[in-house]
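A.B. asks: One predicted model, sequence on top.
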Amino acid sequence: MARGKEARVTIFLECTNCVRNRIKKESMGIYQYITQKNRHNTPSRLELRKFCPPCYKHTIHVEIKK
């Protein structure tokens, strides 16, 4: 029997502040978190408040496509 798409997918979270301001892109790059989400329970893009080392504060990280 064929199975549908997997419920849990790996996603990348990227800092919105770093992307907007391009902070230290040449030296450090833009910081990303890797996590998983259940696509059936959370069909929209995930937004979490995480710590960003280049910004040195907690900022909103949004899901990006890879």
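C.D. replies: In hand now; what should we look at?
A.B. asks: quick one, phi/psi of S44?
C.D. replies: Main-chain torsions, S44, degrees, to the nearest 10: phi -80, psi 170.
A.B. asks: Name the SS class of N17, please.
C.D. replies: helix (DSSP: H, G, I helix; E, B strand; the rest coil).
A.B. asks: Can you tell me how far it is from R49?
C.D. replies: The gap separating N17 from R49 is 11 Å, by C-beta to C-beta, to the nearest Å. Using the backbone N, CA and C atoms, a C-beta is placed for each residue, glycine as well.
A.B. asks: The two: who's more crowded?
C.D. replies: Using other C-beta atoms under 10 Å as the criterion, N17 and R49 rank with N17 on top: 15 against 8.
A.B. asks: Just list the residues touching that one, thanks.
C.D. replies: N17 makes contact with 23, 52, 55, 59-60 under the criterion C-beta atoms under 8 Å, 6 or more residues apart in numbering.
A.B. asks: what separates it from A7, distance-wise?
C.D. replies: Going from N17 to A7 by C-beta to C-beta gives 31 Å.
A.B. asks: which element is the residue nearest to E47 when sequence neighbours are not counted on?
C.D. replies: Nearest non-adjacent residue to E47, counting by C-beta to C-beta, 6 or more residues apart in numbering: V62, 5.1 Å away. In this structure, V62 is located in strand 57-64 according to DSSP states H and E.
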